[in-house]
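Chemist: Return a 3D structure for these sequence lines:
(one chain, ligands or ions: 1)
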Amino acid sequence: MINWQDSRDFFCSQFQAEPEICCFAPGRVNLIGEHIDYAGGQVLPLSISLGVTLAVRLTAEGGLRVASSLYPGQGVASLEETGRQGPVAYLRELVRITGCLSAEIAICSDLPPGRGLSSSAAVGIAVQAALLALLEEDVLPSARAVCRAAQRAEHTALGTHCGLMDQYASLFGRETEALLIDTWQQTHEYIPLSGLEGCSLLLVDSGQSRELADSEYNTRQAELQEALRLAAEALGGFTCFRERTLEQLLEVAEGLPAPLDSRLRHVATEQQRVLDFSAALQGGNAKGMGCLLIASHSSMRDDCEVSTPQIDRLVDMLCNLPPCLGARLVGGGFGGGVLALLRGSPDPASLDDLLGKYHAATGLQGDWQQLQSGHGACLLAGKGSWRSLAEWLS
Ligand code: GLA
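Modeler: Below you'll find the predicted structure:
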C-alpha cells in the first residue's frame with residue numbers, strides 16, 4: 001500500500017499544491033469462481049495489501065488534470081484531450097459520474113499491471129470515492145452503486161464487459177476475511193482467512209501479456225450468456241442458473257452445440273467449486289482447497305478456454321513442486337498470472353529454479369510474489385487515520 005505521505009508528495013511534485021484528500025483502493029485476488037461473476041454466480045475473492053492511492057484537490061477552474069506514477073515521464077494530462085475509449089476516457093467517465101467539473105488527481109499504484117490483480121477496478125472505486133468525499137453532496141450513492149458505476153465505466157470506456165467482482169472486492173474487502181459474493185443478489189458474506197493458516201498464496205506472473213484479453217474476454221462472456229439462455233429455455237426458464245441443480249445443468253450441456261456445451265459445463269461446475277472451496281476454507285482443509293484450484297484450472301483450460309499453453313505449463317510445473325497444494329490461472333485469462341497455494345512459506349531458491357526451467361521451455365520471463373490480504377478501500381485523512389468506504393457509504 002502506498003502511504004498517505006508518498007501519495008501527497010507525488011501530488012505536490014506534479015501540481016505544486018497540497019491535495020485535499022487521499023483515497024486508497026486495493027487490488028484483489030480471486031481464490032475461486034472465475035468467469036461466472038457476469039452470469040450471476042458466486043465468487044470468492046479477497047482484497048490484497050497492494051493497490052491504488054489517489055491524492056485529489058478540487059479546483060475552481062482548469063478542468064480535470066491527472067498525473068500517474070505509472071507513466072512517470074508523462075507529467076500532467078488533461079482529461080479533455082482524448083477519444084471515447086481508453087484509460088483517459090475511463091477516468092473522464094468516472095469523474096463525470098460524480099458530477100465534478102474541475103479537479104487535480106494524482107494516481108500512485110503498487111499493483112503490478114496485467115497480472116490479474118485488477119488495477120482498473122481499484123482506480124474506478126478510488127476516483128469516485130475521493131471526489132464524492134470532496135463534493136460533499138447531501139445524498140451519497142450506496143457502496144454498491146459506486147461498484148456498479150465503476151463496472152459500467154469499464155464497459156463503456158474500456159470496452160470490457162466485466163462482472164462486478166473486482167469492484168466489489170476492492171470496496172468491501174477486509175484484511176482477515178475473504179468475500180463470498182453473490183453476484184446475482186449483489187450481497188456478500190465474509191469467510192475468515194484463518195483456514196489458510198500455515199499456507200501462503202503466491203501470484204506467479206507468466207510473463208505473457210494479455211494483449212487479446214479484452215476482445216477474447218468479451219467473446220467468452222457472450223458465449224457463456226448464450227449457453228445460459230439456451231439452458232433456461234431447456235429447463236422451463238430461470239432468472240439465475242443457480243435455481244437449477246448441477247446435474248440438471250450438466251444434462252442440458254450434453255445437448256448443446258460446441259462450444260456452448262463446455263461453456264455451460266464451466267459455469268455449473270465452477271459455481272459448485274466455489275461452494276466447496278468456501279466449505280474447505282471454513283474447515284481449514286488446505287488439501288481440499290488445493291484440489292479445487294487444480295480442478296478450476298482444468299475447467300478454465302478445457303471448458304472455458306481462457307488459458308494458454310504457456311500458462312498450462314506453468315500451472316503443471318507449480319503443481320509438481322512438493323509444497324504446492326494447487327494452482328490455477330487467475331483473473332480474466334489469456335495471459336497474466338497464476339495463483340498458487342503453498343503449504344508453509346515459499347522457498348525462493350526452488351521458485352527461481354522453477355522459473356528458470358519455465359523460461360527455458362517457453363522463452364517467457366516469469367516472476368513471483370507472495371500475496372498478503374489487506375483492508376478494503378478507504379479515505380486517508382492524514383498520518384495513519386483512515387475511514388472505510390464500505391462503512392462511510394453504507
Ligand atoms: C476480470 C473481470 C471480472 C471477472 C474475471 C474473471 O477480472 O473484471 O469481472 O469476470 O475477469 O473471473
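Chemist: How many residues are close by residue 189?
Modeler: Using other C-beta atoms under 10 Å, residue 189 has 12 other residues around it. All C-beta spots, glycine's among them, are computed from the backbone N, C-alpha and C.
Chemist: Repeat that for residue 8.
Modeler: Around residue 8 there are 19 residues (other C-beta under 10 Å).
Chemist: you'd agree it is up against residue 55?
Modeler: Yes. Counting by C-beta atoms under 8 Å, residue 55 is a contact partner of residue 8 at 5.6 Å.
Chemist: Need the residues touching each of the two.
Modeler: With contacts taken as C-beta atoms under 8 Å, 6 or more residues apart in numbering, the residues that reach both residue 8 and residue 55 are 19, 22.
Chemist: So which bits of the stretch 101-250 of the chain are right by the ligand?
Modeler: If contact is defined as C-beta under 6 Å from any ligand atom, the residues of the stretch 101-250 of the chain in contact with the ligand are 118, 162, 163, 165, 166.
Chemist: Closest one of the residues you listed to residue 132?
Modeler: Minimum separation from residue 132 among these (C-beta to C-beta) is found for residue 166, which lies at 19.3 Å.
Chemist: That closest one contacts residue 28, correct?
Modeler: Yes. Residue 166 sits in contact with residue 28 when judged by C-beta under 8 Å, with a separation of 5.8 Å.
Chemist: helix/strand/coil for the nearest residue to residue 359 once chain neighbours are set aside?
Modeler: On the basis of C-beta to C-beta, 6 or more residues apart in numbering, the spatially nearest residue to residue 359 that is not a chain neighbour turns out to be residue 365, at 5.9 Å. When the structure is split into helix, strand and coil by DSSP: H, G, I helix; E, B strand; the rest coil, residue 365 lands in coil.
Chemist: May I have the phi/psi pair for residue 365?
Modeler: Backbone geometry at residue 365, expressed as degrees, to the nearest 10, gives phi -90, psi 100.
Chemist: Tell me, how many residues neighbour it?
Modeler: Counted with other C-beta under 10 Å, residue 365 comes out at 12.
Chemist: Equivalent analysis for residue 97, please.
Modeler: Counted with other C-beta under 10 Å, residues neighbouring residue 97 total 20.
Chemist: does it really touch residue 128, like I thought?
Modeler: Yes. Using C-beta under 8 Å, residue 97 is in contact with residue 128, at 6.2 Å.
Chemist: shared neighbours, these two?
Modeler: Overlap of the contact sets of residue 97 and residue 128 (by C-beta under 8 Å, 6+ apart) consists of residue 149.
Chemist: Go ahead and build a ChimeraX selection from the buried members of the residues of the stretch 101-250 of the chain next to the ligand.
Modeler: Filtering these down to the buried ones (16 or more other C-beta atoms under 10 Å) takes a single ChimeraX command:
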select :118,162,163,165,166
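Chemist: farthest-separated two in the residues of the stretch 101-250 of the chain next to the ligand?
Modeler: The span of these, defined through C-beta to C-beta, is set by 118 and 163 at 11.3 Å.
Chemist: any idea how this structure splits into domains?
Modeler: According to the domain assignment given by automatic domain parsing, the chain is divided into the following structural domains: 4-26+46-171+375-392, 193-370.
Chemist: Any chance of those in TSV with mean pLDDT as columns?
Modeler: Formatted as TSV, the entries for the domains of the chain read as follows, by pLDDT from 0 to 100:
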stretch	mean pLDDT
domain 4-26+46-171+375-392	91
domain 193-370	96
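Chemist: Over to the residue of the stretch 201-350 of the chain found nearest the ligand. Which of the three states is it?
Modeler: Per C-beta to the nearest ligand atom, the residue of the stretch 201-350 of the chain with the smallest distance to the ligand is residue 332, at 3.3 Å. Each residue gets one of three states, and residue 332 gets coil by three-state DSSP.
Chemist: For it, the count of nearby residues, please.
Modeler: Residues within reach of residue 332, counting by other C-beta under 10 Å, total 24.
Chemist: from memory it sits against residue 116, does it?
Modeler: Yes. At 6.7 Å, residue 332 counts as touching residue 116 under the criterion of C-beta under 8 Å.
Chemist: From the chain's centroid, how far away is the longest strand seen in the chain?
Modeler: For the chain, the strand that runs over the most residues, judged by DSSP state E, is strand 45-58. In terms of C-alpha atoms, centre = their mean, to the nearest Å, the gap separating the centre of strand 45-58 from the centre of its chain is 13 Å.
Chemist: List the buried residues of that strand.
Modeler: When burial is assessed from 16+ other C-beta under 10 Å, strand 45-58 yields the following buried residues: 45, 46, 47, 48, 50, 51, 52, 53, 54, 55, 56, 57.
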